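# Let's see this in three dimensions:
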Amino acid sequence: MPDQDEQKTAPHDIHDLGYKLLLSNEKTFLELIRTFVPEDWTKDVDEHDLIQVNKSFISPHLTKREADVVYRMKKGTQDIIFYILLELQSSVDFLMPVRLLGYMTEIWRDVLNNTSDNEAERKGFRLPAIVPAVLYNGRDNWTAVRNFKDVLASYRDFDKHLLDFNYILFDVNRYTDEDLLTMANLMSCVFFIDKQMTPNELIERTKKATGTISTLSPEEFRQFITWYRHVILERFPEEQREQVGRVLDEANPWEVEKMVYSLQIALDEMKENVRTEERREVARKMLLDNVDSNVISKFTGLSLSEIEHLKREIQH
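As a prediction, this is how the structure comes out:
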């Protein structure tokens, strides 16, 4: 496998980067699989046995639309690779098993390129097992097949001779709100908040997750804020992002309710600014129609001084 100081390939999409940074923490990665993969082998994965592979296996022409997270784990003398593709797009790729196979092949090729000929030709040499997974947060149901053989024609006729694997799917929007709040950890909190897109819905969900956020360790809280900044901040109107960013900068795990309250204030101010601008636009149109200022004030709620200011703007 590549050296740990090998340069990362950074995903271009800020959403991908938010999840990539989050899952670059071994403890958080382990929390993901133990919380959302109901299989016995997850109990045997130890945080201290996990080493992140600081290399992306995404094809160069696809780096603008996806990212990946790769971990290596030693089990005895053998390696196991966990490969998560971050599919943070709005649509489902029905050839997902084919794409995953391509990335898995690249990993095996990389292993062989970094293995001496003598070692690779040894009878007992084994390639690492690769456990593939997809993290998807699109609104559409995930309808792509999960088994590789299901994308092959007539596979039933030659079933025992064909390659096959089944990938793990983390489908953010398919987990119920109740289950995510009951799980009460960093990853379930992230999934719970990421299920909504509008600023008002996001803040309401952040409020509901306050109990969980308050129990996060300082390190987990830092990860949460980093993710929130990369993934959630972009969903606020551009003119509001600076203010929301300051709220996140000042946030700490001991004052989560204060953080949520400040976010709500920022949202309320944004709404009020929008409503005020809408009233001003109505007043401008009424002034152009020569409506009396007192009537405009009563209709729009703007003061007479504000209306006079608008009148001067129109005249100039």
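# average pLDDT for the longest helix seen in the chain?
Ordering each helix of the chain by length in residues (DSSP state H) puts helix 256-288 first. The average pLDDT within helix 256-288 is 83.
# going forward can the numbers begin at 39, since that is how I track them
Sure thing, new numbering starts at 39, so read that last one as helix 294-326.
# After it, which helix or strand is next?
Sequence order places helix 331-338 as the next helix or strand after helix 294-326, per DSSP states H and E.
# How about residues contacting that following helix?
Identification of contacts with helix 331-338 by C-beta atoms under 8 Å, 6 or more residues apart in numbering yields 317-318, 320-321, 324-325, 340-342, 345-346, 349. No exception for glycine: its C-beta is placed from N, CA and C like everyone else's.
# can you pull out the helices in this protein?
Here the chain has its helices, by DSSP H, at 52-61, 64-74, 134-151, 155-158, 215-221, 224-232, 237-246, 248-252, 256-265, 276-288, 294-326, 331-338, 342-353.
# Buried residues in the last one, which are they?
Neighbour counts using 16 or more other C-beta atoms under 10 Å place 344-345, 348-349 of helix 342-353 among the buried residues.
# Take those and write them to CSV, including distance to Thr244 and pLDDT.
Putting the buried residues of helix 342-353 into CSV (distance: C-beta to C-beta, whole Å; pLDDT from 0 to 100) gives the following:
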residue, distance to Thr244, pLDDT
Glu344, 34, 84
Ile345, 38, 86
Leu348, 37, 86
Lys349, 42, 85
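# Low-confidence ranges, this structure, go.
Scanning the chain for pLDDT under 70 picks out 39-53, 99-103, 128, 309, 312.
# got the domain boundaries for it?
39-212, 234-354 (automatic domain parsing).
# got JSON lines for these, with distance to Val228 too?
Converted to JSON lines, the domains of the chain look like this (distance: least, C-beta to C-beta, whole Å):
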{"stretch": "domain 39-212", "distance to Val228": "7"}
{"stretch": "domain 234-354", "distance to Val228": "6"}
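# of those domains, which approaches Ala222 most closely?
Comparing the domains of the chain against Ala222 with C-beta to C-beta, the closest turns out to be domain 234-354 (4.6 Å).
# end to end, how far does that closest one reach?
From its first residue to its last, domain 234-354 covers 44 Å (C-alpha to C-alpha, to the nearest Å).
# what residues are up against Ile118?
Remark: with contacts taken as C-beta under 8 Å, 6+ apart, Ile118 is in contact with 110-112, 166-169.
# hmm, 7 Å instead?
By C-beta atoms under 7 Å, 6 or more residues apart in numbering, the contact list for Ile118 reads 111, 166-167, 169.
# Ok, Val298 next?
The contact partners of Val298, by C-beta under 7 Å, 6+ apart, come to 241, 244-245, 248.
# for stretch 252-264, the distance to its chain's centre please.
16 Å (C-alpha atoms, centre = their mean, to the nearest Å).
# Going by neighbour count, list what's buried in it.
For stretch 252-264, using 16+ other C-beta under 10 Å, the buried residues are 254, 258-259, 261-263.
# Quick one: closest of the domains of the chain to Thr220.
Nearest to Thr220 among those is domain 234-354 (9.8 Å), distances taken as C-beta to C-beta.
# separation between Ile118 and Arg110?
For Ile118, the distance to Arg110 equals 7 Å [C-beta to C-beta, to the nearest Å].
# Next one: Val294 from Leu60, what distance?
Val294 is 18 Å from Leu60, by C-beta to C-beta.
# ok, now Leu165?
Using C-beta to C-beta, we find Leu165 at a distance of 29 Å from Leu60.
# With neighbour numbers in mind, choose between these two.
Leu60 (22 against 15; other C-beta atoms under 10 Å).
# Check the burial of the closest residue in space to that one that isn't next to it in sequence by counting its neighbours.
Residue nearest to Leu60 in three dimensions, not counting chain neighbours: Trp265, with 4.7 Å by C-beta to C-beta, 6 or more residues apart in numbering. By other C-beta under 10 Å, 25 other residues sit near Trp265.
# what about Trp265, distance to Glu85?
As defined by C-beta to C-beta, Trp265 lies at a distance of 19 Å from Glu85.
# got it, and Leu340?
Between Leu340 and Glu85 the distance is 59 Å, computed by C-beta to C-beta.
# Next: Ile263.
Note on Ile263: its distance to Glu85, by C-beta to C-beta, is 22 Å.
# From Leu342, how far off is the closest residue to Glu346 other than its chain neighbours?
Nearest residue to Glu346 in three dimensions, chain neighbours excluded: Ser331, at 7.1 Å (C-beta to C-beta, 6+ apart). Ser331 sits at a distance of 6 Å from Leu342 (criterion: C-beta to C-beta).
# One more: Thr236?
For Thr236, the distance to Leu342 - C-beta to C-beta - is 35 Å.
# before we move on, the earlier item: closest to Leu286 out of the contacts of Val298?
Distances from Leu286 to those, taken by C-beta to C-beta, are shortest for Thr244, at 11.1 Å.
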